[in-house]
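In: Predicted model follows, preceded by the sequence.
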Amino acid sequence: MIAIRSARAVRRLAALGTVATLAVTLAGCGSAGVGAAAVVDGNRISVADVQQATEQINVYSGQQVPQSQVLYFLIIGPRLIEAAAEAGVGVSPDDAKTELQQKVADPGGATITAVQANEALNRLGSLGEDKGKPILDSVVADLRTADIEVNPRYGSFDSDNLIMAEDGANWFDGETTSGS
């Protein structure tokens, strides 16, 4: 009887250990929540949207664009898109979709937003120092005060430098991923 109870106790402890490990792993996803790549001022950007947008942008561009870069444009995109529209150099979702459809049959909403954001940044930059810089400075100031939480699998959002920073550790198995 003692052996049976010990075996049951071992199985229960093993099961509890598995649950605890899973809980710790999921806790590493941060407060962005399960399935969220990021949350920006309460607006959730899903992992699925980032993955789909990355796949579609890779097809469109013919290059391997990292998911963290796509997520970056999804984080900063709404502010850039709005600023470009207010400056008279905006790009509409229809324009972005038409451009994407040259190579991507049915681009998703996140893909369209990322392409809009990239084009908005280009258009604002082309306005020159006198007109474009103050607008971009305003966007930067707004982003620095935004509440941005990023799932650690993508790195982190550095609000001082407005870049996606690699955290240096593989989010899943603890291996370092930086060159150091």
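Out: It's in.
In: Now do Val10, the pLDDT please.
Out: pLDDT for Val10: 39.
In: How about Ala36, nearest residue that isn't a chain neighbour?
Out: Leaving aside its sequence neighbours, Ala36 sits nearest to Arg44 (CB to CB, 6 or more residues apart in numbering; 5.0 Å). C-beta here means a position set from N, CA and C on the backbone, and glycine is covered the same way.
In: what are the bridge partners for that neighbour, then?
Out: Here Arg44 sits in beta bridges with Val39, going by DSSP bridges.
In: Can you report how many residues neighbour it?
Out: By other CB atoms under 10 Å, 14 other residues sit near Arg44.
In: Centre-most residue in this structure?
Out: Leu71 (2.6 Å; CA atoms, centre = their mean).
In: Let me see the contact set for that residue.
Out: Ala37, Ala38, Ile45, Val50, Val150, Tyr154, Met164 (CB atoms under 8 Å, 6 or more residues apart in numbering).
In: Enumerate every residue touching the third one.
Out: This means Ile45. Ala36, Ala37, Ala38, Val39, Leu71, Leu74, Ile75, Ala110.
In: in what helix or strand does Tyr60 lie?
Out: helix 47-61 (DSSP states H and E).
In: Any idea how far that helix is from the middle of the chain?
Out: Offset of helix 47-61 from its chain centre (CA atoms, centre = their mean, to the nearest Å): 11 Å.
In: List of residues touching it?
Out: Contact with helix 47-61 is made by 35-37, 64-67, 70-71, 74, 100, 102-104, 107-111, 113-115, 151, 154, as judged by CB under 8 Å, 6+ apart.
In: List buried members of the residues you listed by neighbour count.
Out: Buried by 16 or more other CB atoms under 10 Å: 36-37, 65, 67, 70-71, 74, 100, 104, 107-108, 110-111, 113-115, 151, 154, out of the contacts of helix 47-61.
In: before we move on, the earlier item: what angle sits between the helix or strand following the helix holding Tyr60 and helix 47-61?
Out: Per DSSP H and E, the first helix or strand lying C-terminal to helix 47-61 is helix 67-86. Calculated by axes from the mean of the first three to the mean of the last three CA atoms, to 10 degrees, helix 67-86 forms an angle of 80 degrees with helix 47-61.
In: Now do helix 67-86, average pLDDT.
Out: Helix 67-86 comes out at a mean pLDDT of 96.
In: Show me which parts of that helix are buried, residue by residue.
Out: For helix 67-86, by 16+ other CB under 10 Å, it's 67-68, 70-81, 83-84.
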